[in-house]
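Undergrad: Fold the following and give me the result.
(one chain, ligands or ions: 1)
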Amino acid sequence: MIDIKQLQNQRILVTGSAGFIGFHLTKALLALGSHVIGIDNLNDYYDPALKQARLDELEKFHSSLSVSTQNRQREEPTKNRHCEEHSDAAIQNSDEGTEKEPVIPAQAGIRPASETLPQYQFIKMDLADRTAIESLFKTHEFDIVVNLAAQAGVRYSLENPHAYVDSNLIGFVNILEGCRHAKVGHLVYASSSSVYGMNVKQPFSTADRVDYPISLYAATKKANELMAHTYSHLYGLPTTGLRFFTVYGPWGRPDMAYFKFTKAILAGKAIDVYNHGQMKRDFTYIDDIVDGILRVMNKPPQLDTVIPVPTPVIPAPTPVIPAQAGIQASPQNSHCEKHSDVAIQSSPKSRHCEEHSDAAIQSNLTSNKITNAEAPYKIYNIGNNQPVTLRHFITAIENACGKKAIENSLPMQAGDVPITYADIDGLMADTGFKPSTTIDEGIERFMSWYTEHYAHTKSQA
Ligand SMILES: NC(=O)c1ccc[n+]([C@@H]2O[C@H](COP(=O)([O-])OP(=O)(O)OC[C@H]3O[C@@H](n4cnc5c(N)ncnc54)[C@H](O)[C@@H]3O)[C@@H](O)[C@H]2O)c1
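TA: Sure, this is the predicted structure:
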């Protein structure tokens with residue numbers, strides 16, 4: 001269905017490339033033969049030595065690829081390594097013939113595959129630095145941008161809200177502006193399962209209302225989705241938001257529970273178990289996440305995407321009636337702004353507002369439509385679709401450590417949610433995504449990396 005080999009020779013910007021997901025994605029893209037520029041500000045929200053170690057690993061990996069490419073070229077001197085017509089992707093497409101792959105910018109002939117962009121380069125840069133981001137987009141052309149840089153973490157947003165505003169809001173506008181002016185083919189960006197807040201309907205679906213965030217972190221992620229929609233609508237920028245569900249695995253984040261638990265259990269220290277271990281999470285293994293991102297990158301949304309009617313989950317707050325609130329009920333208040341007298345006067349259309357005629361409203365309702373805004377815009381959940389309790393997760397870690405945990409059983413924390421459970425039907429249907437790593441396998445792999453990495457490193461998580 002989706003052939004990720006089409007990402008070969010694509011010019012890609014990965015923000016947050018020294019972070020957990022950005023590191024793994026960059027590595028996978030290099031293996032596919034994409035040209036990657038990675039940026040990150042290497043902040044100290046968690047140990048910057050781990051971020052530097054990921055960058056060192058990427059440099060090593062890139063060098064090993066360059067050596068093997070040179071060796072291959074020596075063995076096959078006549079083959080044109082940059083000939084699009086004879087690339088693996090092109091050959092596969094012509095063989096298949098039946099299914100039409102999504103057109104991605106380089107294939108559409110807008111720009112040739114990059115000879116100018118290096119295969120891999122890391123640049124230390126802050127998303128919130130507007131001048132730096134503007135100049136990045138002026139000096140490099142990108143086919144696809146994957147924005148993973150953000151201030152992550154729910155609990156820290158209670159402590160340091162400004163970090164979230166700087167990176168997740170100001171930084172995100174800078175990326176949107178860069179993509180808009182440079183006419184980037186597709187912006188894929190990280191959202192989060194946190195946007196579902198305390199929604200009670202399970203599993204969480206992208207058709208559900210997400211208007212009640214319970215942390216500033218979640219509010220910034222929801223804001224990113226709204227901002228992306230605006231740019232998709234106004235400027236035709238294809239954007240896809242991915243709501244990640246608790247990602248774990250090797251090279252993971254020391255601020256996350258599984259990482260802290262491992263460190264404490266191995267050291268014989270007690271672990272804090274919130275909500276007495278009854279919280280459920282849709283833990284998703286990093287390789288499955290990367291596979292999903294690659295599939296999505298290859299499938300920019302089309303303009304006519306239908307935005308489904310959100311299922312009401314939480315009763316809406318009682319509406320404030322203007323007269324009660326001391327506001328004069330005016331005829332203008334009862335009309336949509338787009339079709340106010342001022343708007344109608346300035347528009348040659350709509351003396352008889354077709355969009356809001358009875359017939360149109362009726363047909364929009366039956367066609368599952370809530371808006372006439374058209375935008376190449378998509379949101380997907382990306383999770384394992386199999387939530388497990390924290391208790392189960394702790395047992396998997398204990399098994400991998402070969403040691404029992406000492407537990408401090410605690411109540412639920414502010415800003416936390418009791419369960420996350422992803423409905424991934426949309427992503428499966430559109431891209432063929434199918435997560436396959438079990439918790440036990442994933443934790444085993446994390447443990448092998450953890451013990452090896454920290455055996456060779458002085459710093460501890
Ligand atoms: N890991 C998860 O379980 C999870 C779940 C939901 C959403 N997400 C989202 O996915 C994305 C990646 O998460 P991750 O787990 O890799 O987190 P991470 O913290 O490991 O990676 C984010 C990276 O972004 C960098 N960064 C932060 N602010 C920046 C700025 N202003 N300029 C440049 N770089 C900046 C950080 O230094 C870090 O290396 C984030 O947007 C996060 O909110 C992650």
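Undergrad: got the residue ranges for the strands in the stretch 1-150 of the chain?
TA: 11-15, 35-40, 120-124, 144-147 (DSSP state E, counting those that start in this stretch).
Undergrad: Between those strands, which one is closest to the ligand.
TA: If you check each of these against the ligand by CB to the nearest ligand atom, strand 35-40 wins as the nearest, at 4.5 Å. Any C-beta I mention is one placed from the backbone N, CA and C, and that applies to glycine too.
Undergrad: OK, contacts around the nearest residue in space to Phe283 that is not next to it in sequence?
TA: Nearest residue to Phe283, sequence neighbours excluded (CB to CB, 6 or more residues apart in numbering): Thr246, at 5.0 Å. Taking CB atoms under 8 Å, 6 or more residues apart in numbering, we find Thr246 in contact with Ser193, Met256, Arg281, Asp282, Phe283, Thr284, Gly383, Thr420.
Undergrad: go on, Thr420?
TA: Ser193, Tyr196, Phe204, Phe245, Thr246, Lys280, Arg281, Asp282, Gly383, Pro387.
Undergrad: Dump the residues you listed into JSON lines; add distance to Lys27, pLDDT and secondary structure as well.
TA: Shown next, in JSON lines, are the contacts of Thr420 (distance: CB to CB, whole Å; pLDDT from 0 to 100; DSSP: H, G, I helix; E, B strand; the rest coil):
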{"residue": "Ser193", "distance to Lys27": "24", "pLDDT": "96", "secondary structure": "helix"}
{"residue": "Tyr196", "distance to Lys27": "30", "pLDDT": "95", "secondary structure": "helix"}
{"residue": "Phe204", "distance to Lys27": "29", "pLDDT": "97", "secondary structure": "strand"}
{"residue": "Phe245", "distance to Lys27": "21", "pLDDT": "97", "secondary structure": "coil"}
{"residue": "Thr246", "distance to Lys27": "21", "pLDDT": "96", "secondary structure": "coil"}
{"residue": "Lys280", "distance to Lys27": "30", "pLDDT": "93", "secondary structure": "strand"}
{"residue": "Arg281", "distance to Lys27": "25", "pLDDT": "94", "secondary structure": "strand"}
{"residue": "Asp282", "distance to Lys27": "24", "pLDDT": "97", "secondary structure": "coil"}
{"residue": "Gly383", "distance to Lys27": "22", "pLDDT": "98", "secondary structure": "coil"}
{"residue": "Pro387", "distance to Lys27": "28", "pLDDT": "95", "secondary structure": "coil"}
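Undergrad: May I see those residues organised as CSV, with distance to Ala373 added?
TA: Below are these laid out as CSV (distance: CB to CB, whole Å):
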residue, distance to Ala373
Ser193, 25
Tyr196, 23
Phe204, 23
Phe245, 27
Thr246, 32
Lys280, 35
Arg281, 34
Asp282, 30
Gly383, 27
Pro387, 33
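Undergrad: most surrounded residue in the residues you listed?
TA: Highest neighbour count within the contacts of Thr420: Tyr196, with 31 neighbours (other CB atoms under 10 Å).
Undergrad: my read: it touches Phe204, true?
TA: Yes - at 4.5 Å, Tyr196 and Phe204 qualify as touching, with contact defined as CB atoms under 8 Å.
Undergrad: one step back: near the ligand, list only the ones from the contacts of Thr420.
TA: Thr246 (CB under 6 Å from any ligand atom).
Undergrad: from the contacts of Thr420, which is closest to the ligand?
TA: Among the contacts of Thr420, and counting by CB to the nearest ligand atom, the member closest to the ligand is Thr246, at 4.8 Å.
Undergrad: in the chain, what residue is nearest the ligand?
TA: Taking CB to the nearest ligand atom, the chain has Gly19 as its residue nearest the ligand, at 2.0 Å.
Undergrad: Could you check how far that residue is from Gly153?
TA: From Gly19 across to Gly153, the span is 12 Å (CB to CB, to the nearest Å).
Undergrad: which of those two has more neighbours?
TA: Set side by side, Gly19 and Gly153 show more neighbours around Gly19, with 28 against 21, by other CB under 10 Å.
Undergrad: Would you confirm that that one contacts Pro48?
TA: No - the pair Gly19 / Pro48 is not scored as a contact, 11.2 Å apart, by CB under 8 Å.
Undergrad: How about the helix ranked longest in the chain and the ligand, any contact?
TA: Across the chain, the longest stretch assigned as helix under DSSP state H is helix 48-75. Yes - judged by CB under 6 Å from any ligand atom, helix 48-75 comes into contact with the ligand through Lys51.
Undergrad: which of the residues in that helix are buried?
TA: For helix 48-75, the neighbour count (16 or more other CB atoms under 10 Å) marks Leu50, Lys51, Ala53, Arg54, Leu55, Leu58, His62, Leu65 as buried.
Undergrad: Also stretch 381-395?
TA: In stretch 381-395, counting by 16+ other CB under 10 Å, buried: Asn381, Ile382, Gly383, Asn384, Asn385, Pro387, Val388, Leu390, Phe393, Ile394, Thr395.
Undergrad: next one: stretch 175-186
TA: For stretch 175-186, by 16+ other CB under 10 Å, it's Ile175, Leu176, Glu177, Gly178, Cys179, Arg180, Ala182, Val184, Gly185, His186.
Undergrad: quick revisit: Leu303: which of the buried residues of helix 48-75 is nearest?
TA: Closest approach to Leu303 among the buried residues of helix 48-75 (CB to CB): Leu58, at 35.6 Å.
Undergrad: And that closest one, how far from Ala28?
TA: With CB to CB as the criterion, Leu58 and Ala28 are 11 Å apart.
Undergrad: again, but for Ser66
TA: When Ser66 is compared with Ala28 (using CB to CB), they lie 17 Å apart.
Undergrad: count of residues packed around the closest residue to Pro213 other than its chain neighbours?
TA: Nearest residue to Pro213 in three dimensions, chain neighbours excluded: Ala219, at 4.3 Å (CB to CB, 6+ apart). Residues within reach of Ala219, counting by other CB under 10 Å, total 20.
Undergrad: chain center to the host helix or strand of Ala219, what's the gap?
TA: Secondary structure from DSSP states H and E places Ala219 in helix 216-235. When C-alpha coordinates are averaged (CA atoms, centre = their mean, to the nearest Å), helix 216-235 and its chain have centres 12 Å apart.
Undergrad: Quick check: next helix or strand after it?
TA: Next along from helix 216-235, by DSSP H and E: strand 239-244.
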